[in-house]
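Student: Turn this into a structure:
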Amino acid sequence: MDDLMREKIDKQLPPDEELQELAEFFKVFGDATRLKILNVMLVAEMCVQDIADAIGMSESAVSHQLRVLKQMDLVKNRREGKTIYYALADSHIFTILNTGIEHLEEED
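Tutor: Purely as a prediction, here's the structure:
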């Protein structure tokens, strides 16, 4: 490998710590239940019960997954009285989900 290529690679390659964080971020997308929850929230902000009803799971199972998604900053929440509503954290999550689906639907 010549010096010019090595220099380009060194500029392109993020630090190991950043790559580890990115790997952890993408691990969250490796669970079908979490993907269902995120896709439901593409439609609207929802409470745990509405999400559970939409994907056919228990509220406790959905709450557990929402905790993981919130820890990774993929969802945000807001309280209205006793009810907590969840939504995608930002438009990047929408973009990541849609890009993944588009990639899978591409014809070779």
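Student: ok, now which ones touch the residue nearest in space to the middle of the chain?
Tutor: For the chain, the residue nearest the mean C-alpha position is Leu74 (4.9 Å; Cα atoms, centre = their mean). By Cβ atoms under 8 Å, 6 or more residues apart in numbering, the contact list for Leu74 reads Val28, Leu38, Leu88, Ala89, Ile93. The way it works is simple: take the backbone N, C-alpha and C, and place the C-beta from them, glycine included.
Student: And the helix or strand containing Arg6, what does it pack against?
Tutor: Following DSSP states H and E, the helix or strand that holds Arg6 is helix 3-12. Under the contact criterion of 3 or more Cβ pairs under 8 Å, 6 or more residues apart in numbering; DSSP states H and E, helix 3-12 touches no helix or strand at all.
Student: With only the CA atoms kept, save it in CSV.
Tutor: Extracted C-alpha coordinates of helix 3-12, given in CSV (Å, rounded to 0.1, in the frame of the first residue of the first chain):
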residue,chain,number,x,y,z
ASP,A,3,1.7,6.3,1.4
LEU,A,4,-1.2,8.3,-0.3
MET,A,5,-3.6,5.4,0.2
ARG,A,6,-2.5,5.0,3.8
GLU,A,7,-3.1,8.7,4.4
LYS,A,8,-6.6,8.5,2.9
ILE,A,9,-7.4,5.5,5.0
ASP,A,10,-6.1,7.1,8.2
LYS,A,11,-8.3,10.2,7.5
GLN,A,12,-11.4,8.1,6.8
